[in-house]
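S.K.: Just a sequence and a predicted model for now, questions to come.
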Amino acid sequence: KGVDACWRSDAPRGLSQNLCGEAEDVHVFNPLQYPQKCGAVTIPPLGTKEVQYPCDIVGESKVAPKTHFKFDADGLMKEPLQEQWMKWTVTKGGAYLFFPGTLSDYAVKGAKNDEDGWIVSTPNWKRTVVQHEYSDEFGTSATVLDFIYETDLKQNNEEWFVRFTSPIQNGGVFHTDLNGFNFDTHHYRQDMPIQAQVFPMPTLASIEDQHMRMTIISEHAQGTASLETGTIDIWLDRRLGQD
């Protein structure tokens, strides 16, 4: 008996579409060597289970410890951290070269705001937030916010990124990983251009002070920077008209 995929993109840069809808019985395969959960169902390592799809329900978790969340009028998160959609408008650059141009906010005003801010969408940029609770190796649980961004950048010479701002006083110190094994520590330098402060982020980026740490984990490699105190920028998409 044949099976069909639940997620499909009809174009190389097109947004993925959920073809299975919601609350339908689907078979989910776990490719990892340890169990994973889909909703209330535990999927064994390298195993398959029939589940109610989607696995993650948008919004605040019903089982995770209560956390205070606040969104602004446009739907972007304000607490426990501030979220900004931003862009660089550039005149040069290429696949491996970033030359900063004009920095501005992405036009979020008038965006479609669903689920009290947990889903925000414009014609070319969409963000969904899901709260998870995970057990850690110490036998306790951790609350994780999953920001799911979908972009469809069509304008040449623009670079889109999201900026997360926290109260952390990191003093210009910024950490990224090296292929998930080792870590690099970067120091913001006033005598260097902005492009010298942007680094590859294979899996994560973090800042910290004596009281708090903010870590952002990505499902794939992206560009990242910490250009202001307490902030982490994550590149989401870039489209250049030259190389």
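M.R.: That came through, no problem. Numbers count the residues shown, from 1 in each chain.

S.K.: ok, Asn124 touching Thr151?
M.R.: Yes. Contact criterion CB atoms under 8 Å: Asn124 and Thr151 qualify, at 6.6 Å. (Each C-beta comes from the backbone N, C-alpha and C, glycine too.)

S.K.: Pick out whichever of the two has more residues nearby.
M.R.: Taking neighbours as other CB atoms under 10 Å, Asn124 and Thr151 compare with Thr151 leading, 20 against 15.

S.K.: if I look at the most centrally placed residue in the chain, how far off is Leu227?
M.R.: For the chain, Phe147 is the residue whose C-alpha lies nearest the centre (CA atoms, centre = their mean; 4.5 Å). Computed as CB to CB, to the nearest Å, the Phe147 to Leu227 distance reads 19 Å.

S.K.: and what of Phe161?
M.R.: The gap separating Phe161 from Leu227 is 11 Å, by CB to CB.

S.K.: Between these two, point out the one with more neighbours.
M.R.: Just comparing Phe161 and Leu227: by other CB under 10 Å the higher neighbour count belongs to Phe161, 24 against 16.

S.K.: who does that one bridge with?
M.R.: In this entry, Phe161 is beta-bridged to Met86, Trp235, by DSSP bridges.

S.K.: which residues touch it?
M.R.: Counting by CB atoms under 8 Å, 6 or more residues apart in numbering, Phe161 touches Met86, Lys87, Trp88, Gly223, Asp233, Ile234, Trp235, Leu236.

S.K.: same deal with Met77?
M.R.: Counting by CB under 8 Å, 6+ apart, Met77 makes contact with Phe69, Lys70, Phe71, Glu83, Gly117, Val129.

S.K.: Switch these over to TSV; also include distance to Pro200, neighbour count and pLDDT.
M.R.: Shown next, in TSV, are the contacts of Met77 (distance: CB to CB, whole Å; neighbours: other CB atoms under 10 Å; pLDDT from 0 to 100):
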residue	distance to Pro200	neighbour count	pLDDT
Phe69	31	17	87
Lys70	32	10	90
Phe71	31	18	92
Glu83	22	21	96
Gly117	31	21	86
Val129	25	21	92
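
S.K.: Columns distance to Asp105 on top of these, output as JSON lines?
M.R.: Converted to JSON lines, the contacts of Met77 look like this (distance: CB to CB, whole Å):
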{"residue": "Phe69", "distance to Asp105": "22"}
{"residue": "Lys70", "distance to Asp105": "19"}
{"residue": "Phe71", "distance to Asp105": "16"}
{"residue": "Glu83", "distance to Asp105": "12"}
{"residue": "Gly117", "distance to Asp105": "17"}
{"residue": "Val129", "distance to Asp105": "19"}
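
S.K.: and of those residues, the nearest to Arg8?
M.R.: Nearest to Arg8 among those is Val129, at 23.2 Å by CB to CB.

S.K.: State the number of residues packed around Gly180.
M.R.: By other CB under 10 Å, 9 other residues sit near Gly180.
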